[in-house]
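Enquirer: dropping a prediction and its sequence here:
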Amino acid sequence: MGKNIAVIFAGGSGVRMGSGTPKQFLEVNGKPIVIHTLDIFEEHPLIDEIYIACKEDCINKLNKYIERFWIKKVKKVVPGGSTALGSIYNGLKAAKESNNEDDIVLIHDGVRPCITSELIDDVINTVKTHGSAVTCTALFETPVLSHSGEYVEDIPSRDDFYTAQAPQCFFLGEVYEAYNKVRRDNPEYKGMVDTCSLMRSTGKQISIVKGNRGNIKVTTPEDLYIFRAMMQYRETQDAFGLTQKETPSKFIK
């Protein structure tokens, strides 16, 4: 049976957060955000290994946190790239060196710490059945099209729109080959925002796995406030012996 591998990219600089501290290292309840994220993969029984791409000058700091918080599944921390996709490629390359092409890789943001174990199950199962998977949520706001940013040109139906999240999940050999193919002609990944868009550019079909709106990416002060509130809510639930009923993810055909 093949392995399930997490590739985490944590190369942010914290510019949008306005703190001067890389957002992945901001502490909530005594832990950096990236450790909250790693904890989920560390504790999930189906995850075998973790690879992390991090800003090169932060690698020592991250390794100290990994040791301090007993994250045992991390096999390697590698320098990140100049872009998120460049960092993901470095993580995939490290994973490819010691794993097989038919192993499954889950690509996830280091600052998306609210992923559920059920969602990890769902994306892995979807890849086994359909080959590739991206976590998405339905679009709740009304989309507006404007090329100039000044005037509304069109208001398409939101029924046909989803918001892509993470994890994005693939067979390791297939996604690594796709990255190498794109890098030959487009080394700066122009026009691509994530691995899903990169895979689509090579003609791959990707299945949608239903996520939830709580799976936030912490990039702004507002996101940080929301994450802290969610953590406080969970602690209250635990203190009173309550369990939060999570909405199960499921494959959308």
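Expert: Good, I have the coordinates. Residues are numbered from 1 along each chain as shown.

Enquirer: longest strand anywhere in this protein?
Expert: strand 162-171 (DSSP state E).

Enquirer: buried stuff in that one?
Expert: 162, 164-171 (16 or more other C-beta atoms under 10 Å). The C-beta positions use only the backbone N, C-alpha and C, and glycine is treated the same way.

Enquirer: just put these in a markdown table and tack on pLDDT and distance to Glu49.
Expert: Putting the buried residues of strand 162-171 into a markdown table (pLDDT from 0 to 100; distance: C-beta to C-beta, whole Å) gives the following:
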| residue | pLDDT | distance to Glu49 |
| --- | --- | --- |
| Tyr162 | 94 | 29 |
| Ala164 | 95 | 25 |
| Gln165 | 95 | 22 |
| Ala166 | 96 | 18 |
| Pro167 | 97 | 14 |
| Gln168 | 98 | 17 |
| Cys169 | 98 | 15 |
| Phe170 | 98 | 15 |
| Phe171 | 98 | 15 |
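
Enquirer: so what's Tyr162 bridging to?
Expert: Ala138 (DSSP bridges).

Enquirer: how about the helix or strand hosting Glu42: buried residues?
Expert: Of the helices and strands defined by DSSP states H and E, Glu42 is found in helix 33-43. By 16+ other C-beta under 10 Å, the buried positions in helix 33-43 come out as 33-38, 40-42.

Enquirer: ok, now stretch 93-107?
Expert: Quick answer for stretch 93-107 (16+ other C-beta under 10 Å): 93-96, 99, 103-107.

Enquirer: check stretch 64-78 too.
Expert: 65-66, 69, 71, 73-75, 77-78.

Enquirer: out of these, who's nearest Glu177?
Expert: Val78 (19.1 Å; C-beta to C-beta).

Enquirer: list of residues touching the host helix or strand of the closest one?
Expert: Assigned by DSSP H and E, Val78 belongs to strand 74-79. Strand 74-79 is contacted by residues 38, 49-56, 59, 62-63, 66, 90-91, 93-95, 98 when judged by C-beta atoms under 8 Å, 6 or more residues apart in numbering.

Enquirer: now do it: distance to the chain's middle.
Expert: 16 Å (C-alpha atoms, centre = their mean, to the nearest Å).
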